[in-house]
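Undergrad: The following comprises the amino acid sequence and a computationally predicted model.
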Amino acid sequence: MSTTNQQSENLFSFDNQDMMVFILIMSLHGLQMMFAELLPSFSLGGLELELGPFLFISYTLVFLFRSFWACLAVPVGGIVFGEILIGDFSAFGAVESLLMITISLYIATTMITDPEDVKWLAVLAVVAKGLEELAAQFIDVGKFYVGVESLEAIEWLPETIWAVEVAGATTQVIIAGLLFGALPMMYFYPRMRGKIEPLLGMEPVGGHPSGKRFNRDTLKGLVAWVVLTPIAFVFEAFSETSGAFLVFEPQFVESYGQLFFAVPIVAAAIVAYGVVYYRQRDAA
């Protein structure tokens, strides 16, 4: 077996094992997204609340493998299985998730010094979701001020864009980041560590070589987060005004009903199983 560690190799190196990790995380993240879409949502004083997404799956896998490609696989899985396959895709609109989810997860992975410190990993899961939502908040506020999006007021909040965005971001961090992310991850991560890596011919990844929770890689990640946020804003603003440019919207779910969610669910399950089957057959 071999060991993969993003800190000891070139950040953007991509070999066969990186490809398998990327495909596995991409498909499993897409699978959980589609199951979450089938669950009901409810409203609290005009604030929309959803049961999911189940981010503990993504957090567990990203923290187990800890590479740039593992982080990138999360938004790509959402785009492929949660947008393209259900017929609701905008290339410009996808840039925000590609950039901000990836860099937010990457920052969290650079702060892992002890892979067995599950409590700290739970904190980092919330940090990753918090950075993602903070960037989304800045982007949504920016779209409001440049006039490409209107304010959706919430009845129990003052009609200010900041109050609405802070409430929405906080809710997402608590529900998706903590309740359906960090807390269940604390259960699954230690039970999967050392067991799922061998399925892909890998050994468990060690902690950051610096031994410091806040290190040079973390600083680089934060600088990249600051730089990428306005870039993501530009693309998101264009997605609101570009009309049909680089858009794929046959709206399959609207045409065929929720039964169509079976298509991305089955596709994601087949891809995930195929990766593990391919590796096991190759190793035999």
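TA: Yep, it's here.

Undergrad: Break down the stretch 51-200 of the chain into its strands, ranges please.
TA: Secondary structure of the stretch 51-200 of the chain, counting by DSSP state E, counting those that start in this stretch: strands at 89-90.

Undergrad: Low-confidence ranges, it, go.
TA: Segments of the stretch 51-200 of the chain classed as low confidence (criterion: pLDDT under 70) are 147-159.

Undergrad: And the helices in the stretch 51-200 of the chain, which stretches?
TA: Ranges of helices within the stretch 51-200 of the chain are 56-65, 68-79, 91-110, 118-146, 161-172, 183-192, based on DSSP state H, counting those that start in this stretch.

Undergrad: F235 is nearest to which of these?
TA: helix 91-110 (3.8 Å; C-beta to C-beta). No exception for glycine: its C-beta is placed from N, CA and C like everyone else's.

Undergrad: quick one: buried residues of the closest one?
TA: Within helix 91-110, the residues that qualify as buried by neighbour count (16 or more other C-beta atoms under 10 Å) are 92-110.

Undergrad: hmm, back to that, now for the helices of the stretch 51-200 of the chain, which one comes closest to K220?
TA: Among the helices of the stretch 51-200 of the chain, the nearest to K220 by C-beta to C-beta is helix 91-110 (8.1 Å).

Undergrad: list the helices and strands the closest one packs on?
TA: Packing partners of helix 91-110 (3 or more C-beta pairs under 8 Å, 6 or more residues apart in numbering; DSSP states H and E): helix 56-65, helix 68-79, helix 118-146, helix 216-241.

Undergrad: Nearest the geometric middle of this protein, what residue?
TA: Ranked by distance to the mean C-alpha position of the chain (C-alpha atoms, centre = their mean), the top residue is V74 at 4.3 Å.

Undergrad: wouldn't that one be in contact with T102 here?
TA: Yes - A contact is recorded between V74 and T102 when judged using C-beta atoms under 8 Å, the distance being 7.3 Å.

Undergrad: Mind listing what's buried along stretch 115-122?
TA: Result for stretch 115-122 [16+ other C-beta under 10 Å]: buried residues 115, 118, 121-122.

Undergrad: One more: stretch 227-242?
TA: Within stretch 227-242, the residues that qualify as buried by neighbour count (16+ other C-beta under 10 Å) are 228-229, 232-233, 235-239.

Undergrad: Turn those into CSV, columns for distance to V126.
TA: Rendered in CSV, the data for the buried residues of stretch 227-242 read as follows (distance: C-beta to C-beta, whole Å):
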residue, distance to V126
L228, 20
T229, 19
A232, 21
F233, 24
F235, 26
E236, 24
A237, 28
F238, 31
S239, 28
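
Undergrad: which one of these sits closest to V205?
TA: Checking the buried residues of stretch 227-242 one by one against V205 (C-beta to C-beta), the nearest turns out to be L228, at 24.7 Å.

Undergrad: OK, contacts around Q32?
TA: Q32 makes contacts with 52-55, 57-58, as judged by C-beta atoms under 8 Å, 6 or more residues apart in numbering.

Undergrad: related to what we said a few turns ago, turn the helices of the stretch 51-200 of the chain into CSV, columns for distance to Q251.
TA: Converted to CSV, those look like this (distance: least, C-beta to C-beta, whole Å):
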stretch, distance to Q251
helix 56-65, 26
helix 68-79, 16
helix 91-110, 15
helix 118-146, 23
helix 161-172, 25
helix 183-192, 32
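
Undergrad: so which of these comes closest to E203?
TA: Scanning those with C-beta to C-beta as the criterion, the closest one proves to be helix 56-65, at 11.1 Å.

Undergrad: which outside residues touch the closest one?
TA: Contact partners of helix 56-65, identified using C-beta under 8 Å, 6+ apart, comprise 4, 21, 24-25, 28-29, 32, 70-71, 74, 105, 108-109, 112, 115, 121, 124-125, 128, 180-185, 188-189, 192-193, 196-197, 202, 204-205.

Undergrad: Going through these, which ones are buried?
TA: Going by neighbour count (16+ other C-beta under 10 Å), these have 4, 21, 24-25, 28-29, 32, 70-71, 74, 105, 108-109, 112, 115, 121, 124-125, 128, 180-182, 184-185, 188-189, 193, 196-197, 202, 204-205 buried.

Undergrad: For P53, which residues are in contact?
TA: When contacts are counted by C-beta under 8 Å, 6+ apart, P53 is found next to 32-33, 36, 176, 180.
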